[in-house]
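**Q** this is the structure alone, sequence omitted:
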């Protein structure tokens, strides 16, 4: 999505479930959308833990990304997750690295 569409379209990220007339979502109820958001946070944390990071929902509108030492950054949506994670970790991170995927699969998260 171009930045202009992002500005005009509101603050929802494409991965977030929305409840607007004419927009398909299987989660029209607010509680279902929050449940989906919590599930995305849980999945992200399985991967982020490998890098010494964690993410939490903040008021249903943003996320808090934190290191184990307490450095924290607010990110608007999951589209900003990996650049922010790399900044906080101080190194490049590859969430699709084979060893990580193998370990997640071995632990039943694949």
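**A** Here it is on my side, so go on. Since the model is a prediction, treat every value here as computed from it, not as a measurement. Residues are numbered from 1 along each chain as shown.
**Q** and the gap between residue 86 and residue 38?
**A** As defined by C-beta to C-beta, to the nearest Å, residue 86 lies at a distance of 24 Å from residue 38. Heads up, the C-betas are built off the backbone N, CA and C, glycines and all.
**Q** strands along the chain, start to end?
**A** 53-58, 62-67, 72-75 (DSSP state E).
**Q** residue 29 is nearest to which of those?
**A** strand 53-58 (17.2 Å; C-beta to C-beta).
**Q** what about this protein, any weak spots by pLDDT?
**A** Applying pLDDT under 70 to the chain flags residues 1-28, 109-110.
**Q** so which residue is smack in the middle of it?
**A** With distances taken as C-alpha atoms, centre = their mean, residue 78 lies nearest the centre of the chain, 3.5 Å away.
**Q** for residue 30, see how far away it is.
**A** Taken as C-beta to C-beta, the span from residue 78 to residue 30 is 19 Å.
**Q** what's the answer for residue 102, then?
**A** 38 Å.
**Q** cool, residue 66 as well?
**A** Counting by C-beta to C-beta, the gap from residue 66 to residue 30 is 26 Å.
**Q** in terms of neighbours, single out the busier of the two.
**A** More crowded of residue 66 and residue 30, by other C-beta atoms under 10 Å: residue 66, with 17 against 11.
**Q** give me the distance between the lengthiest helix in the chain and the centre of its chain.
**A** In the chain, with assignment by DSSP state H, the single longest helix is helix 30-48. Put simply, helix 30-48 sits 8 Å off its chain's centre (C-alpha atoms, centre = their mean, to the nearest Å).
**Q** do stretch 29-38 as well
**A** Going by C-alpha atoms, centre = their mean, the spacing between the C-alpha centre of stretch 29-38 and its chain's C-alpha centre is 14 Å.
**Q** buried sites along that stretch?
**A** Residues 33, 36, 37 are the ones in stretch 29-38 that count as buried (16 or more other C-beta atoms under 10 Å).
**Q** tell me the one of these nearest residue 108?
**A** Checking the buried residues of stretch 29-38 one by one against residue 108 (C-beta to C-beta), the nearest turns out to be residue 36, at 20.9 Å.
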